[in-house]
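1. Give the three-dimensional model of this entry:
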Amino acid sequence: MGSTQSLANRQKWESAARNGPAPDEVIEWNDIHWKPLTAKPRGVDYIEVNVDGVPTMWIRPKGAVEDRVIFYSHGGGFVSGSIYTHRKLVGHLAKVSGCQGLLFEFPLCTRKKTPGPT
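-> Just a heads-up that it's a prediction; the model follows:
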């Protein structure tokens with residue numbers, strides 16, 4: 001039998017497949033319900049930084065080496081997910097591998113567009 005989080009994730013996608021909600025409803029649902037689907041790893045610090053206008057987060061497990069980094073680009077097809085929805089996943093990966101993680105938002109989704117030369 002799967003974990004509580006695994007079963008919740010399965011129920012979420014089965015419900016989405018059956019009910020076929022509108023895209024805006026899916027985005028709102030993910031924002032509300034995605035976070036509780038995973039457990040937060042213990043002994044991991046999350047440090048938010050801004051890199052040239054892009055929201056970025058360092059994932060630092062206690063005792064992690066500093067010469068290796070998981071450079072993680074979250075999924076979501078530019079419509080769902082964020083550094084916040086994926087931080088626990090990256091936290092688990094970084095903790096298990098003994099290194100740090102660097103998670104970033106998609107620049108195309110988060111940057112304000114500035115007019116180019118005309």
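2. Just the strands from this protein, written as ranges.
-> Assigned by DSSP state E, the strands in the chain fall at 44-51, 54-61, 65-73, 99-104.
3. Format these as CSV; extra columns: mean pLDDT.
-> Formatted as CSV, the strands of the chain follow (pLDDT from 0 to 100):
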stretch, mean pLDDT
strand 44-51, 95
strand 54-61, 94
strand 65-73, 93
strand 99-104, 95
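4. which one is the most centrally placed residue in the chain nearest to, not counting chain neighbours?
-> Geometric centre of the chain, nearest residue: His86, 1.8 Å, by Cα atoms, centre = their mean. With sequence-adjacent residues excluded and distances taken as Cβ to Cβ, 6 or more residues apart in numbering, His86 is closest to His74, at 4.0 Å. Where you see a C-beta, it was placed from the backbone N, CA and C, and this is true even at glycine.
5. what's the neighbour count on the one you found?
-> 18 (other Cβ atoms under 10 Å).
6. Please produce a markdown table containing the strands of the chain, extended by mean neighbour count and distance to Gly81.
-> Listed next are these as a markdown table, based on neighbours: other Cβ atoms under 10 Å; distance: least, Cβ to Cβ, whole Å:
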| stretch | mean neighbour count | distance to Gly81 |
| --- | --- | --- |
| strand 44-51 | 13 | 16 |
| strand 54-61 | 20 | 13 |
| strand 65-73 | 12 | 10 |
| strand 99-104 | 21 | 11 |
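7. any chance of those in CSV, with distance to Lys12 too?
-> As requested, those are arranged in CSV below (distance: least, Cβ to Cβ, whole Å):
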stretch, distance to Lys12
strand 44-51, 24
strand 54-61, 24
strand 65-73, 22
strand 99-104, 22
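8. separation between the residue nearest to His86 and His92?
-> Counting by Cβ to Cβ, to the nearest Å, the separation of His74 from His92 is 14 Å.
9. I am finished for the moment; much appreciated.
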